[in-house]
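*Asks:* Sequence and computational prediction follow.
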Amino acid sequence: MTQAAQSPLEGPTSKAPASKEPAPAGPAPDGPPTAPRRTDAAGASARRTLDSAELARATELLGAMTRAFERRVVGQDRLLTALQVALMSGGHVLLESVPGLAKTLAASTLASTIDGSFSRIQCTPDLLPFDIIGTQIYDARTGGFTTQLGPVHANIVLLDEVNRSSAKTQSAMLEAMQERQTTIGDTSYPLPDPFMVLATQNPIEEEGTYVLPHAQMDRFLLKEVIDYPSADAELEVLDRLDDGRLDAPSAPPVMTTDQVLELQALTRRVYIDERLKRYIVEVVNVTRDAPHFLGSDIARYIDYGSSPRGSLAFLEAAKAGALLAGRDHVLPEDIKAMRHPVLRHRIVLTFEAIAEQVHPETIIDAVFDAVPTP
């Protein structure tokens with residue numbers, strides 16, 4: 001970050017002296033962050049960086065997944081990126097789109113490519129929590145109860161039209177998403193690993209829906225808005241249907257769930273420079289204190305900013321994005337590429353913004369423009 005630029009962490013009225021931190025590993029402040037230098041001092045806590053063999057292994061697995069996915073799903077590149085980033089980060093995805101844009105096909109294809117179990121739950125107003133997590137069933141032959149696990153006990157879970165389920169049922173997913181377990185009676189049952197929830201909601205139908213609480217939306221790593229495919233992509237779908245290429249029951253597995261866990265471990269070891277961590281925190285801080293850093297024409301549209309989960313999501317998503325690009329270190333572009341999926345459901349807009357149909361992406365772009373890129 002240039003010295004002329006003011007840090008959003010300090011603010012225009014901050015009187016705290018600048019902390020004197022040791023210079024991070026990498027080039028001069030004006031150059032892009034690079035992979036760290038290996039330390040040989042005893043007791044050094046630097047995390048071991050990825051070697052060339054591990055990086056090649058990750059690239060091979062992700063490339064195979066991409067090719068298998070694209071054989072089944074046409075023209076949804078952003079959706080594929082969101083699913084891969086969430087899978088590598090161990091997070092969950094909220095998908096918003098009108099019907100018919102291959103959300104269910106994408107979820108089932110993802111489960112097939114990793115040779116994992118898949119469950120689809122169609123949410124309705126009369127859906128109850130035990131319909132999702134499971135229940136205890138009385139067995140008259142034995143005079144006892146047996147536990148029947150619900151459909152949430154799968155590697156990939158699709159909650160279709162999650163905003164059609166009641167608040168009580170929506171809350172039943174919180175323990176599963178956050179704690180990776182369900183509680184039936186007085187017993188807790190761990191969920192399979194890896195575990196990922198894909199929740200969908202339809203933005204054009206409001207009748208019979210229950211708006212997701214902000215606290216629950218915050219638990220999704222990413223929110224992706226899926227748009228209509230291009231004319232060429234839609235024509236490709238027709239061609240595949242006409243010649244029978246869409247008749248295959250599922251995509252062939254290209255990796256195992258153990259290899260997914262291996263990918264997650266590699267993602268955690270992707271290097272991110274200390275300046276980029278501060279950049280993430282500064283960006284998130286702008287969303288919380290918009291009047292100090294944004295013009296009044298933009299700040300008036302922000303009611304509440306992002307929680308610390310936004311900073312965590314940026315860190316995890318940027319690492320996954322770097323590994324997807326075949327790198328063992330994060331660049332500023334990896335953070336910027338994830339700005340819309342990470343923040344669009346974490347910034348609460350004012351009624352004025354909603355009335356004027358201001359898109360959250362416009363606000364997010366303004367936030368990033370206010371923070372100098374390191």
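*Replies:* Looks like it arrived, so ask away.
*Asks:* Quick check: buried residues in stretch 155-163?
*Replies:* Counting neighbours by 16 or more other Cβ atoms under 10 Å, one finds that the buried residues in stretch 155-163 are 155-163. C-beta: built from backbone N, CA, C; applies to glycine.
*Asks:* Output the below-cut-off pLDDT ranges for the stretch 101-250 of the chain.
*Replies:* Within the stretch 101-250 of the chain, the stretches with pLDDT under 70 are 206-208, 246-250.
*Asks:* can you map out the helices along it?
*Replies:* All helices of the stretch 101-250 of the chain, identified by DSSP state H, counting those that start in this stretch, fall at 103-113, 129-133, 167-179, 214-217, 231-242.
*Asks:* Show me the domain layout of this protein.
*Replies:* Annotated domains of the chain cover 73-243, 272-369 [automatic domain parsing].
*Asks:* Out of those, which gets nearest to Leu261?
*Replies:* domain 73-243 (6.3 Å; Cβ to Cβ).
*Asks:* thinking again about what came up before, out of the domains of the chain, which is closest to Leu55?
*Replies:* Here domain 272-369 is closest among the domains of the chain (Cβ to Cβ), at 5.5 Å.
*Asks:* which ones are touching Val74?
*Replies:* Val74 sits next to 102, 229, 233-234, 236-237, 240 when contact means Cβ atoms under 8 Å, 6 or more residues apart in numbering.
*Asks:* Columns distance to Thr81 on top of the helices of the stretch 101-250 of the chain, output as JSON lines?
*Replies:* Listed next are the helices of the stretch 101-250 of the chain as JSON lines, based on distance: least, Cβ to Cβ, whole Å:
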{"stretch": "helix 103-113", "distance to Thr81": "12"}
{"stretch": "helix 129-133", "distance to Thr81": "28"}
{"stretch": "helix 167-179", "distance to Thr81": "21"}
{"stretch": "helix 214-217", "distance to Thr81": "20"}
{"stretch": "helix 231-242", "distance to Thr81": "16"}
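*Asks:* so which of those helices is the most packed in?
*Replies:* Mean neighbour count (mean count of other Cβ atoms under 10 Å) peaks for helix 103-113 among the helices of the stretch 101-250 of the chain, with a mean of 23.
*Asks:* What separates the first and last residues of stretch 217-233, distance-wise?
*Replies:* 31 Å (Cα to Cα, to the nearest Å).
*Asks:* mind listing what's buried in it?
*Replies:* 217-226, 229.
*Asks:* can you check stretch 61-69 too?
*Replies:* By neighbour count with 16+ other Cβ under 10 Å, stretch 61-69 contains the buried residues 61-62, 64-66, 68-69.
*Asks:* List of residues touching that stretch?
*Replies:* With Cβ under 8 Å, 6+ apart as the test, stretch 61-69 has contacts from 80, 83-84, 106, 109-110, 112-114, 251-252, 254-255, 259, 263, 323-324.
*Asks:* now the helix ranked longest in the chain and helix 103-113, what's the angle there?
*Replies:* Longest helix in the chain by number of residues (criterion: DSSP state H): helix 52-72. Orientation of helix 52-72 against helix 103-113 (axes from the mean of the first three to the mean of the last three Cα atoms, to 10 degrees) gives an angle of 140 degrees.
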